[in-house]
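**Student:** Return atomic coordinates for the entry below.
(chains A and B)
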Amino acid sequence: MTYFPEEVVEHIVDFLGSHRDRNAVSTVCKAWYQVERLSRRNVFVGNCYAIRPERVMARFPWMKSLGVKGKPHFADFNLVPYDWGGFAQPWIEAAARGCPGLEELRLKRMVVTDDDLELLARSFPSFKSLVLVSCEGFSTDGLAAIATYCRGLRELDLQENEVEDHGRQWLSCFPDSCTSLVSLNFACLKGEINTNALERLVARCPDLRSLKLNRAISVESLNRILARAPHLVDLGTGSMMVNHHTEAYHRLINAFLGCKSLRSLSGFWDASSCCLQAVYPVCVNLTALNLSYAPAIQGDDLIKLICLCFKLQKLWVLDCIGDKGLAAVASTCKDLQELRVFPSDIYGAGTTAVTEEGLVAISSGCSKLNSLLYFCYQMTNTALVTVAKNCPHFTRFRLCILDPGKPDPVTDQPLDEGFGAIVRSCKNLRRLSLSGLLTDKVFLYIGMHAEHLEMLSIAFAGDSDKGMVYVLNGCKNLRKLEIRDCPFGDDALLKDVTKYETMRSLWMSSCDVTLGGCRALAAKMPSLNVEIINESDEADEFQENLSDLHKVEKLYVYRTVARGRTDAPDFVWIL
Amino acid sequence: MSTTESGNSSTESEVSGLDYEETQLTLAPPGGSKSEPERKRGFSESVDLRFGRPALEAHAKDPASGSSDGPVSGAGKSPASKAQVVGWPPVRSFRRNALRSCTYVKVAVDGTPYLRKVDLDAYAGYQQLLIALEEMFSCFTARDYTNERRLVDPVNGAAYVPTYEDKDGDWMLVGDVPWKMFVASCKRLRLMKSSEAVNLAPRTPQGCANAR
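**Tutor:** This is a model prediction of the structure:
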């Protein structure tokens, strides 16, 4: 291969998009490594502590787009302490020095400060797109910096971040010369917005296709915005609180009538059935609908709406849709690929309105379904077997039975057979979340059949170390394993330590692993960071004083070429 | 913490949206056909909820209903302990917080000089709210008086009726709309002397008098 001129190799490599393919190509030989690294435009770092940012910038100097993920997934559920880490600062600083041509940055579960955003805004003259998902640490001041200094910004997409509100003027910081916005999402902001500035911004950005407003935006303002941007493809409404007898309501109807390009709808904050009629005209064209923040939309009104959406591919709803509502989805939405049913009554004793029957109905009607997130209070093996038979195309299957460790209510059996059917039938399953009463058997099935499984989430399941070992032995493509409240201990942890080098990360909390086991793992595998997160009072004691038998509350293990971390707080011990 | 209120309000066949003429809380078993004529229920019936639901358990579960009474009452775990498991259910904080937006409202009682504040999200239904109000203004007792739940001041025998101001600025009787809708639209509460409350909403004749 060395007699291929570089230009030819370059040309071939240019066709490669996926990270995996490019990573493979770069290991062939030194020449190919060089060609590949200089031609890579999109870089993805799945764990910000797996490598130092400077190395990434040095290797890929012509990178245009960078994606970095910080905290482990269970941070979403408050299992990772607030100041654990995942700081964006070193990444933005390194990029500013090493890759000034950067155009796109996507950060997930990271701590981003206003200073970071200002540095970002000032350092990259061609910057076009900023996407922040589940991040925290910044305020509207940081957004003001982005608006002010990023000339030619095309995309500002803020998804479910914790943003401190320092006032409404950030939006006014977009200069009059800013006409390039294609996508603007500030739905997660809690504070007021300068609506005049927003309306003017929308009016002068003819390419705007995606706009997601926050709860503070009224229907009156939405009407004005839609009047100026009828060509929107993706809309997140603001507050939809409106009364039938008002001028605003009639304007809303007209506004939606004008939105011929609308394909995706979300928001619906404070919406009640009152406002639904206004969106009927766009329903027939919708491919994506998110009603999961509208607990007051339910019953027959919701069903009436759903029955118009026959092109729907993606639907997010609350469980008050009920089994009856899901049956309506099943008979209407034949193109449905992704369904998420969220719990509406998180703190209550739970008379949820969806059961296994709703899921079975969906599976019979929507054979194209490939991605599911389903919260319910009960599930049966029979239902899961039926679902597995009806929908063999699942790539993502996440079932959350809200009562931890709950068996099949009809047979009182664990749900091993049901989930076993899922992994047997769905040959392309990449992501799986388990719940309900489960023994080691389900892990045996997973190890045997889930060949392409990349991410597995387990809670309150299993009987013994065997369960975890089945998974580690069997799932060749496993990248992320996260476990909480399961009886897995040191034997399982240490059974095959080299396995963790093939994975991105392992999380274990409230399991039976001990400090001794973790120390042994760290000693055997220097290529891993073995982090103990210890928030209890004992954290004040020196590590050495704790015996090897001490049970570890939270363990996070990940492969890395950057040994240790310089930014770990006191309660994080890296063994 | 029983959530008969939310259970009832989420049974699709019974409740429609803001169509006030039809809005009613039924106490029929979930999924059961509506055997009663449609009528607007008086406050007393709306709030006459039963804890423990021994009567409801006796009914066969309608498979089409989707609401799961059985597992809830049968489950050994108390909901309170469920709620305390950290990070369970696995719902992102953003979503948790968004759905429990600012639900603190002021509570005024006719005749008392100071106001209190309650977080409506802390209650699963009207029943708990009334009990909390009773405890807060501890001079009252909630007396089961001919099927009505009223807050009665034992000192002067005056009865108080819980009312609320909704987002449109209208003063409404507590208990007419489904709980979640109430939480979303209530701006503040006022315990009104029942002598003043008569003008608020028409009472159906059955509502006042019958013991069921």
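
**Student:** alpha carbons only for contacts and neighbour counts from here, please
**Tutor:** OK.

**Student:** Enumerate every residue touching the residue nearest to B:Phe94 when sequence neighbours are not counted.
**Tutor:** Excluding its sequence neighbours, the residue lying closest to B:Phe94 (C-alpha to C-alpha, 6 or more residues apart in numbering or on different chains) is A:Glu160, at 6.0 Å. The contact partners of A:Glu160, by C-alpha atoms under 8 Å, 6 or more residues apart in numbering or on different chains, come to A:Val133, A:Ser134, A:Cys135, A:Ala187, A:Cys188, B:Phe94.

**Student:** so A:Ala248 sits in a strand?
**Tutor:** No. With DSSP: H, G, I helix; E, B strand; the rest coil as the criterion, A:Ala248 is assigned helix and is not in a strand.

**Student:** was I right about it contacting A:Val219?
**Tutor:** Yes. Using C-alpha atoms under 8 Å, A:Ala248 is in contact with A:Val219, at 6.7 Å.

**Student:** Mutual contacts of these two, please.
**Tutor:** Common neighbours of A:Ala248 and A:Val219 (C-alpha under 8 Å, 6+ apart) are A:Val242.

**Student:** returning to that earlier point: out of the contacts of A:Glu160, which are inside strands?
**Tutor:** Of these, the ones assigned to strands by DSSP state E are A:Val133.

**Student:** Just the closest of the contacts of A:Glu160 to A:Tyr374, please.
**Tutor:** Proximity of these to A:Tyr374, judged by C-alpha to C-alpha, is greatest for B:Phe94, which lies at 18.0 Å.

**Student:** tell me the contacts of the closest one?
**Tutor:** Taking C-alpha under 8 Å, 6+ apart, we find B:Phe94 in contact with A:Glu160, A:Asn161, A:Glu162.

**Student:** Count the neighbours of residue 192 for me.
**Tutor:** Defaulting to chain A. 15 (other C-alpha atoms under 10 Å in any protein chain shown).

**Student:** nope, chain B
**Tutor:** Residues near B:Met192, counting by other C-alpha under 10 Å: 21.

**Student:** Make sure A:Asn23 is indeed in a strand.
**Tutor:** No. Looking at A:Asn23 with three-state DSSP, it is helix, so not inside a strand.

**Student:** so what pLDDT did it get?
**Tutor:** With respect to pLDDT, A:Asn23 scores 90.

**Student:** likewise the one 3 residues further on?
**Tutor:** Here, the pLDDT recorded for A:Ser26 equals 90.

**Student:** May I have the residues that are in contact with the residue nearest to it when sequence neighbours are not counted?
**Tutor:** The shortest distance from A:Ser26 to any non-neighbouring residue, by C-alpha to C-alpha, 6+ apart, is to A:Tyr33 (4.0 Å). Shown in contact with A:Tyr33 (C-alpha under 8 Å, 6+ apart): A:Val25, A:Ser26, A:Thr27.

**Student:** ok, of these, which come out buried?
**Tutor:** Those of the contacts of A:Tyr33 that meet the buried threshold are A:Val25, A:Ser26, by 16 or more other C-alpha atoms under 10 Å in any protein chain shown.

**Student:** Adding distance to A:Asn477, write the contacts of A:Tyr33 out as JSON lines.
**Tutor:** Formatted as JSON lines, these follow (distance: C-alpha to C-alpha, whole Å):
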{"residue": "A:Val25", "distance to A:Asn477": "19"}
{"residue": "A:Ser26", "distance to A:Asn477": "20"}
{"residue": "A:Thr27", "distance to A:Asn477": "19"}
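
**Student:** ok, how many other residues are close to the residue in the stretch 351-500 of chain A that chain B sits nearest to?
**Tutor:** Closest residue of the stretch 351-500 of chain A to chain B, C-alpha to the nearest C-alpha: A:Ala353 (4.6 Å). Using other C-alpha under 10 Å, A:Ala353 has 29 neighbouring residues.

**Student:** Reduced to three states, what does it come out as?
**Tutor:** Classification of A:Ala353 using three-state DSSP returns coil.
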